[in-house]
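Chemist: Got a sequence here, can you build the structure:
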Amino acid sequence: MNKTCFLKFKKVYALLLMMMVVVGFSSCQDDDNEIYNNLIGYTWIGDLGFNVGPYPVESGITFKGNDYAIDRQYYFAENGGGPAVTLELTWWIDNGNL
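Modeler: Model prediction:
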């Protein structure tokens, strides 16, 4: 293979590699936007590991727009329970992760 042919091959290879990288990164961004938009208005309920004294706390995180969420936490005791605290959260999606 002569030097001119090798240089053309190298340019084509570099161009294909750059195109694959651009497509790969742009598709992740679209997936992140779709996940983000699907979470708006929904509430996730679960245990984030918080306690009020000896009592476990359950969180109800409602996802709002503009990377904003409200976490209403409730504790459950043997003789009842009730609201623990309400927190304001900032959230985002990055490569499919919340």
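Chemist: helices and strands of this protein: which one has the lowest mean pLDDT?
Modeler: For the chain, counting by mean pLDDT, DSSP states H and E, helix 3-39 ranks last in confidence among helices and strands (a mean of 63).
Chemist: show me the contacts for Pro83.
Modeler: When contacts are counted by C-beta atoms under 8 Å, 6 or more residues apart in numbering, Pro83 touches Arg72, Gln73, Tyr74. C-beta here means a position set from N, CA and C on the backbone, and glycine is covered the same way.
Chemist: What is the neighbour count of the last one?
Modeler: Applying the criterion other C-beta atoms under 10 Å, we find 17 residues in the vicinity of Tyr74.
Chemist: swap in Asn38?
Modeler: Number of residues near Asn38 (other C-beta under 10 Å) recorded here: 11.
Chemist: Same check on Asp31?
Modeler: By other C-beta under 10 Å, the residues close to Asp31 number 13.
Chemist: ok, now the one 3 residues further on?
Modeler: Neighbour count for Glu34, taken as other C-beta under 10 Å: 12.
Chemist: Show the contacting residues for Pro56.
Modeler: Listed by C-beta under 8 Å, 6+ apart, the contact set of Pro56 reads Asp47, Phe50, Tyr75, Phe76.
Chemist: Show me what it bridges to in the sheet.
Modeler: Pro56 forms beta bridges with Asn51, as assigned by DSSP bridges.
Chemist: cool, and Ile61?
Modeler: Beta-bridge partners recorded for Ile61 (DSSP bridges): Trp44, Asp71.
Chemist: From Ile40, how far off is it?
Modeler: Ile61 is 12 Å from Ile40, where distance means C-beta to C-beta, to the nearest Å.
Chemist: So between the two, which is more surrounded?
Modeler: More neighbours surround Ile61 than the other of Ile61 and Ile40, with 21 against 13 (other C-beta under 10 Å).
Chemist: Surely that one touches Glu88?
Modeler: No. Using C-beta atoms under 8 Å, Ile61 makes no contact with Glu88, being 10.7 Å away.
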